[in-house]
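**Q** model the structure of this input:
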Amino acid sequence: ISFTSEKTIELYRKAYPQFSAKFILTPNVFDEEFTNHLPTDFNDKLRVTYTGGFGEKRSPLFYLKAIQEFINETPEAKDCIEYIFTGPMTRTNKAIFAQFQSVEEIKHLGVISYKKMVNLQYEAHVLVNIDTDIPIEEHSVFFPSKLLEYFAANKRILNIGNDHSVSSKVVKEMLGESVIFNDYAALKTVFKNYMLKFKEKDNNYFAIQRSTEKYQAGYNAKLLNSLFQNLIRK
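**A** Residues are numbered from 1 along each chain as shown. A predicted model of the protein is given here:
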């Protein structure tokens, strides 16, 4: 019986302790053949990019307000940073974006093709994941597949969500920051640091330095093959 995160396994162990010996971890994976190896581009603006949608359970409000405050408080940011968004959204979230039309650094490109989305991920300096707000730690077990696309893009990741979420743990483990909802001071500090590292042209800072092997398709296929062979022998 396979699960995509350790937190999910913990939840099921409590509900079905009699089957806990059968539980295995098989995380979401990406195809390592499509890993981005292009050098970081420091010739234009710092691009902080979000390529997910905004459904009913996910709101951009905190993130957009933090961007607006940061731009207002940091005049030099106007010339060197842009915040890019793609994907569908609900009417409620469209209305939220409309409140920030005056912030020129916020650019929503709408629904685009998968190929264009991947290109945007490759061109970004930082990729953003915004979690669904699940306040109960025990139930916060979701591992968004969006993170796997970001691993393949080989970019630094900014996660916004609860500290107890799977996304928060994974992003901190790989390479990136996780800011909890409504911590405006922390998020603006992160933005300032991105600008500093961009001006220094710190290539290592914006690329994943830790091994992504345990989230690679090939590595996990070998583990599953070994498991299947053992089951057959038994």
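**Q** list the buried residues for the helix or strand of the chain with the lowest mean pLDDT?
**A** Lowest mean confidence among the helices and strands of the chain (mean pLDDT, DSSP states H and E): helix 166-174, at a mean of 88. Buried positions in helix 166-174, judged by neighbour count with 16 or more other CB atoms under 10 Å: 166-171, 174. For glycine as for every other residue, the C-beta is placed from the backbone atoms N, C-alpha and C.
**Q** just stretch 35-49 next, same as before
**A** So, applying 16+ other CB under 10 Å, buried residues of stretch 35-49: 36, 40, 45-49.
**Q** as a markdown table, those residues with secondary structure and pLDDT would be great.
**A** Formatted as a markdown table, those follow (DSSP: H, G, I helix; E, B strand; the rest coil; pLDDT from 0 to 100):
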| residue | secondary structure | pLDDT |
| --- | --- | --- |
| 36 | coil | 92 |
| 40 | coil | 90 |
| 45 | coil | 95 |
| 46 | strand | 97 |
| 47 | strand | 98 |
| 48 | strand | 98 |
| 49 | strand | 98 |
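**Q** save the residues you listed as TSV, and put in distance to residue 109 too.
**A** Converted to TSV, the buried residues of stretch 35-49 look like this (distance: CB to CB, whole Å):
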residue	distance to residue 109
36	19
40	21
45	15
46	17
47	12
48	14
49	10
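**Q** pick out the most distant pair among those.
**A** Spatial extent of the buried residues of stretch 35-49 (CB to CB) is set by the pair 36 and 45 at 19.0 Å.
**Q** which SS class is residue 104?
**A** coil (DSSP: H, G, I helix; E, B strand; the rest coil).
**Q** quick one: mean pLDDT for the helix or strand where residue 64 lies?
**A** Using DSSP states H and E, residue 64 sits within helix 61-73. The pLDDT scores in helix 61-73 average 97.
**Q** show residues contacting whichever helix or strand comes after that helix.
**A** Where DSSP H and E defines the elements, the next helix or strand beyond helix 61-73 is strand 81-85. With CB atoms under 8 Å, 6 or more residues apart in numbering as the contact definition, strand 81-85 has outside contacts at 45-51, 60, 67, 97, 105-109, 120, 124, 191, 194-195, 198.
**Q** repeat that for 6 Å
**A** Residues outside strand 81-85 that contact it (CB atoms under 6 Å, 6 or more residues apart in numbering): 45-50, 67, 105-108.
**Q** what's the answer for stretch 16-27, then?
**A** Outside stretch 16-27, the residues that touch it by CB under 6 Å, 6+ apart are 1-2, 4, 9, 13, 215.
**Q** what's the most distant pair in the residues you listed?
**A** Distance extremes for those: the farthest pair is 13 and 215 at 22.6 Å, using CB to CB.
**Q** more neighbours: which of these two?
**A** Taking other CB atoms under 10 Å, residue 13 and residue 215 do not tie; residue 215 has more neighbours (20 against 14).
**Q** and the more buried one, how far is that from residue 9?
**A** Distance of residue 215 to residue 9, computed by CB to CB, to the nearest Å: 17 Å.
**Q** give me the nearest residue to the residue sitting nearest the centre point of the chain, chain neighbours excluded.
**A** The residue lying closest to the centre of the chain (CA atoms, centre = their mean) is residue 129, at 3.3 Å. Residue nearest to residue 129 in three dimensions, not counting chain neighbours: residue 159, with 4.9 Å by CB to CB, 6 or more residues apart in numbering.
**Q** unless I misread the structure, the one you found falls within a helix.
**A** No - using three-state DSSP, the assignment for residue 159 is strand, not a helix.
**Q** nice, that's everything, thank you.
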